[in-house]
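In: Provide a 3D model corresponding to the input given below.
(4 chains)
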Protein chains: 2
Amino acid sequence: MARKYSERGEIVPVLAEIFREHGFSGASLSEISKRTGLGKGSLYHFFPGGKDEMGQAVLDDVANWFELNVFRPLRESEDPAAGIDHMFKATARFFHSGRRICLVGSFALDETRDRFAQAIHGYFAAWVVALEAALRRKGFEGTRARETAEDVVAGIQGALVFARSQDDPRLFTRALRRLQRQTEAA
Amino acid sequence: MARKYSERGEIVPVLAEIFREHGFSGASLSEISKRTGLGKGSLYHFFPGGKDEMGQAVLDDVANWFELNVFRPLRESEDPAAGIDHMFKATARFFHSGRRICLVGSFALDETRDRFAQAIHGYFAAWVVALEAALRRKGFEGTRARETAEDVVAGIQGALVFARSQDDPRLFTRALRRLQRQTEAA
DNA sequence: GTCTATAAAGCGATAGAC
DNA sequence: GTCTATCGCTTTATAGAC
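Out: Below you'll find the model as predicted:
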């Protein structure tokens, strides 16, 4: 039979969606097999380390996307305000305007965190550091750049949880707009 | 043998901690049996509906605690500012100053939400409504009371996720202080 | 690279003795 | 009210044919 995927990179986004829906421990190999269309043999061919390696691959993929679409623009945008604006747009897009939860945040909550401690820590830390630097370039002084960065990054996570709890994605997009306003004051 | 618990209410806090650590789907009956010291027979005596009934009991218990210690003071405090101050103190205490995650938020993220949709929706909705009313009594006008209430409730959730991702509870307590400041402006 | 078959362990849940 | 034994099923993971 012709191979369905030429490399495991094409499978990773499917895995990500499954982990988002069920969490790490709730995602079963049979569900993964069904949704990817691959038998267990093929899955273990691409991911010899099993579920753990799938989880790591998914986290790496997310980290990569944010590095490219969020962190780098924050760092390298000549105008820091443009970089921050870009961040909010990319964030809204990534989380499907509030219909999608944050996989890293969901992994952070339970004992799954301990398996992927470094990736989870690094994701949020990199985001806060990049945003803090942009805010500082924009004129935020003293502890205020760091604090605002933390509030915005945490606020995004919280808005995703809250919007999902109410089954209303607009709660996310509206919260995002108010968080952006926090980054605009001189 | 003498009975260990006279009623299931005494077991519920133990269940809550297990669900917080492992999530709903990650918490196994054998772990529950070990930590409560009760055999499966006893567990099914107290919770004939099995794990689902345990989850519901835990959510009810949390809702009860917040109704008593957070929502009611917000509504009934003669001075709304005192009610809000009480809310932040009770919240810090409940989440063990950031060392404990929010069980309802963790249930909200994955497919567990669908099993307990009403309880999860109700918890956050009640919190926002109670805080919004207190802010309005305090002088917040128009959409600002509602928006600030949403930002604070979501901000608490996000700060819990962020603090846990960095394994640093102080990130929570500091975020809490800044959220409180948002409720103080006239 | 893909599949099926299967292993070994763990799952939630039940039965029935005490 | 508590326990142990057990059911039937699902889990992750492996083996081996093609």
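In: so what's residue A:55 up against?
Out: Residue A:55 makes contacts with A:19, A:24, A:107, A:112, A:115-116, as judged by C-beta atoms under 8 Å, 6 or more residues apart in numbering or on different chains. C-beta here means a position set from N, CA and C on the backbone, and glycine is covered the same way.
In: Next one: it relative to DNA strand C, how far apart?
Out: Residue A:55 sits 18 Å away from DNA strand C, going by C-beta to the nearest atom of the strand, to the nearest Å.
In: and the helix or strand that that residue is a member of, anywhere near DNA strand D?
Out: Taking DSSP states H and E as the criterion, residue A:55 maps to helix A:51-66. Yes - Helix A:51-66 is in contact with DNA strand D by C-beta under 7 Å from any atom of the strand, via A:51-52.
In: and that helix, average pLDDT?
Out: Looking at helix A:51-66 alone, the average pLDDT works out to 98.
In: Check which residues of the following helix or strand past that helix are buried.
Out: Under the assignment DSSP H and E, the closest C-terminal helix or strand after helix A:51-66 is helix A:72-76. When neighbours are counted by 16 or more other C-beta atoms under 10 Å in any protein chain shown, the buried residues of helix A:72-76 are found to be A:73-75.
In: Spit out the contact partners of residue A:87.
Out: Per C-beta under 8 Å, 6+ apart, neighbours of residue A:87: A:70, A:73-74, A:131, A:134.
In: For chain A, which residues are neighbours of DNA strand D?
Out: A:27-31, A:40-41, A:44, A:48, A:50-52.
In: re the thing from before, just the contacts of residue A:55: which are in helices?
Out: Judged by DSSP state H, the contacts of residue A:55 include A:19, A:24, A:107, A:112, A:115 as members of helices.
In: what's near enough to touch the first one?
Out: Right, the one you point to is residue A:19. Taking C-beta under 8 Å, 6+ apart as the test, what residue A:19 contacts is A:27, A:54-55, A:58, A:103, A:106-107.
In: Select, from the residues you listed, the two members most distant in space.
Out: A:54 and A:106 (14.8 Å; C-beta to C-beta).
In: Between those two, which has more neighbouring residues?
Out: Between residue A:54 and residue A:106, counted using other C-beta atoms under 10 Å in any protein chain shown, residue A:106 has the larger neighbour count: 27 against 24.
In: and the closest residue to the more buried one other than its chain neighbours, how many residues sit next to it?
Out: Sequence neighbours aside, residue B:109 is the residue nearest to residue A:106 in space, at 4.6 Å (criterion: C-beta to C-beta, 6 or more residues apart in numbering or on different chains). Neighbour count of residue B:109, defined by other C-beta under 10 Å: 26.
In: between the buried residues of helix A:72-76, which is nearest DNA strand C?
Out: Comparing these against DNA strand C with C-beta to the nearest atom of the strand places residue A:73 closest, at 34.4 Å.
In: Against residue A:33, how distant is that closest one?
Out: With distances taken as C-beta to C-beta, to the nearest Å, residue A:73 is found 37 Å from residue A:33.
In: got it, and residue A:59?
Out: Separation of residue A:59 from residue A:33 (C-beta to C-beta): 21 Å.
In: Report the closest residue of chain A relative to DNA strand D.
Out: Per C-beta to the nearest atom of the strand, residue A:50 is where chain A lies closest to DNA strand D, at 2.4 Å.
In: and the closest residue to that residue other than its chain neighbours, what helix or strand is that in?
Out: Spatial nearest neighbour of residue A:50, chain neighbours left out: residue A:44 (6.8 Å); criterion: C-beta to C-beta, 6+ apart. Assessed by DSSP H and E, residue A:44 sits inside helix A:40-46.
In: Could you give me the buried positions within that helix?
Out: Neighbour counts over helix A:40-46 (16+ other C-beta under 10 Å) mark A:42-43, A:46 as buried.
In: next one: stretch A:160-171
Out: Result for stretch A:160-171 [16+ other C-beta under 10 Å]: buried residues A:160-166, A:169, A:171.
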